[in-house]
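> One predicted model, sequence on top.
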Amino acid sequence: MGIFGGFNKTKKENLDKGLAKTKESVFKKMSRAVVGKTKVDDDVLDSLEEVLITSDVGVDTTIRIIERIEERVARDRYVNTGELNKILREEIAALLAENENNEAGDFDLPPEKKPYVIMVVGVNGVGKTTTIGKLAHKFKSAGKKVVLGAADTFRAAAIEQLEIWANRVDVPLVKQKMGSDPASVAYDTLSSAKSKDADVVIIDTAGRLHNKVNLMNELTKVKMVMQKIVPDAPHEILLILDGSTGQNAFEQAKQFTKATEVTALAITKLDGTAKGGVVIGVSDQFKIPVKYIGIGEGVDDLQVFNRQAFVDSLFG
């Protein structure tokens, strides 16, 4: 069992509540797709394709899902529309499983990687600082020593917001003044973490996409400087995406995966949107595991992503 514990009834209820808008939208569209139909035929599949695309699953991923369902229909010869939802859940869960890895499924920190260094990337406004604060809370609640680093020195607000979260969850924060060298902040953060015998370090970075070359150079420099203290740092590069932006999240993922080696995703703000299908599409298109999802404002509303529970909540 990972440090966040099992997926219990309360977590499932919170997930159902957080995905309610997406689920309602999907079910309305699916009901229209199968109205008056008893058999899954080409018309039903065409309608289902439209449902998935308009739910922000993405064109390429939608085509993959439809092809899987077509294979099932051809193999089973007769599939009625009542079975369609079950098949859809199974195929989407299988698709998401392709992008899982051991680290995405098990959140116990590897003992040989201490401190475990997480570098967080993402544009401003996606919930980056909030996610870092919630992660710090989760790790601390599990008995881990946490240190935060405010390496997004481009905006004074980013440093202030992270400081508010550090105080709220009572973990140390390493910061410098606005305009400081982000790599210098990262160096100081890891030095402090080593001296404190910290278990995990979470470092915020600037998310400026208007100049991708500068972003790439900055992130590369931060990584190189961190490795002077912790040779294999960062152990994880976590990209934060705003689920409510739908297709724009795909574009952000595209830009950041070009700028640095993203190893995990956190998708936020799913509770206020009907665009929850983006979780499926982004994971599939970029072959990066979704590690966390944000389904509310509260400090406990960041969940470890459970693909089966997610699919059941969305299509169940």
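Cool, got the structure.
> in stretch 237-252, what's buried?
Applying a neighbour-count criterion of 16 or more other CB atoms under 10 Å, one finds 237-246, 248-250, 252 buried in stretch 237-252. Any C-beta I mention is one placed from the backbone N, CA and C, and that applies to glycine too.
> Report all helices and strands that the helix or strand where Ala253 lies contacts.
Ala253 belongs to helix 247-259 when assigned by DSSP states H and E. The criterion is 3 or more CB pairs under 8 Å, 6 or more residues apart in numbering; DSSP states H and E, and the helices and strands that helix 247-259 contacts are helix 212-226, strand 236-242, helix 278-286.
> picking that back up, tell me the one among the buried residues of stretch 237-252 nearest to Val299.
Ile240 (16.3 Å; CB to CB).
> any idea how far the closest one is from Met226?
Ile240 sits 19 Å away from Met226, going by CB to CB, to the nearest Å.
> same deal with Leu19?
The gap separating Leu19 from Met226 is 36 Å, by CB to CB.
> thinking again about what came up before, ok, which of the helices and strands packed on helix 247-259 comes nearest Glu13?
Of all the helices and strands packed on helix 247-259, helix 278-286 sits nearest to Glu13, with 18.7 Å by CB to CB.
> how many degrees apart are that closest one and helix 247-259 in direction?
Put simply, helix 278-286 runs at 30 degrees to helix 247-259, going by axes from the mean of the first three to the mean of the last three CA atoms, to 10 degrees.
> Just want the angle from helix 278-286 to strand 236-242.
For helix 278-286 against strand 236-242, the angle by the same axes, to 10 degrees is 130 degrees.
> before we move on, back to that, ok now the helix holding Ala253, how far from the chain's centre?
13 Å (CA atoms, centre = their mean, to the nearest Å).
> quick one: contacts of it?
Applying CB atoms under 8 Å, 6 or more residues apart in numbering, the contact partners of helix 247-259 are 56, 58, 121-123, 126, 209, 212, 215-216, 219, 239, 241-243, 245, 262, 265, 267, 278, 281-282, 285-286, 288.
> All the strands of the stretch 1-150 of the chain, in order from the start?
Remark: strands assigned in the stretch 1-150 of the chain by DSSP state E, counting those that start in this stretch are 116-121, 146-151.
> Ranking the ones you listed by mean neighbour count, which comes first?
The highest mean neighbour count among those, using mean count of other CB atoms under 10 Å, belongs to strand 146-151: a mean of 28.
> buried sites along the next helix or strand after that one?
Toward the C-terminus, strand 146-151 is succeeded by helix 156-169 as the next helix or strand (DSSP H and E). For helix 156-169, a neighbour-count test (16+ other CB under 10 Å) marks 158-159, 161-162, 165-166, 169 as buried.
> What mean pLDDT does helix 156-169 get?
Rounded to a whole number, the mean pLDDT of helix 156-169 is 94.
> how about low-confidence regions in the chain?
The chain contains residues with pLDDT under 70 at 1-7, 78, 101-108, 209-212.
> Need the residue closest to the centroid of it.
Most central residue of the chain, judged by C-alpha distance to the mean C-alpha position with CA atoms, centre = their mean, is Ala266 at 1.8 Å.
> Wait, Gln176 touches Ala186, no?
No: assessed by CB atoms under 8 Å, Gln176 is found out of contact with Ala186, at 10.5 Å.
> circling back to that earlier point, if I pick the residue nearest to the centre of the chain, what's in contact with it?
If a contact means CB under 8 Å, 6+ apart, then Ala266 has 131, 238-241, 290-294, 302 as its contacts.
> now Val73
With CB under 8 Å, 6+ apart as the criterion, the residues that contact Val73 are 40, 45, 79.
> same thing with Asp301?
By CB under 8 Å, 6+ apart, the contact list for Asp301 reads 14, 18, 134, 271, 294-295.
> So which of those sit within helices?
Of the contacts of Asp301, the ones assigned to helices by DSSP state H are 14, 18, 134.
> Would you format the residues you listed as a markdown table with neighbour count and distance to Arg68 included?
Formatted as a markdown table, the ones in helices among the contacts of Asp301 follow (neighbours: other CB atoms under 10 Å; distance: CB to CB, whole Å):
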| residue | neighbour count | distance to Arg68 |
| --- | --- | --- |
| Asn14 | 19 | 29 |
| Gly18 | 23 | 26 |
| Lys134 | 24 | 34 |
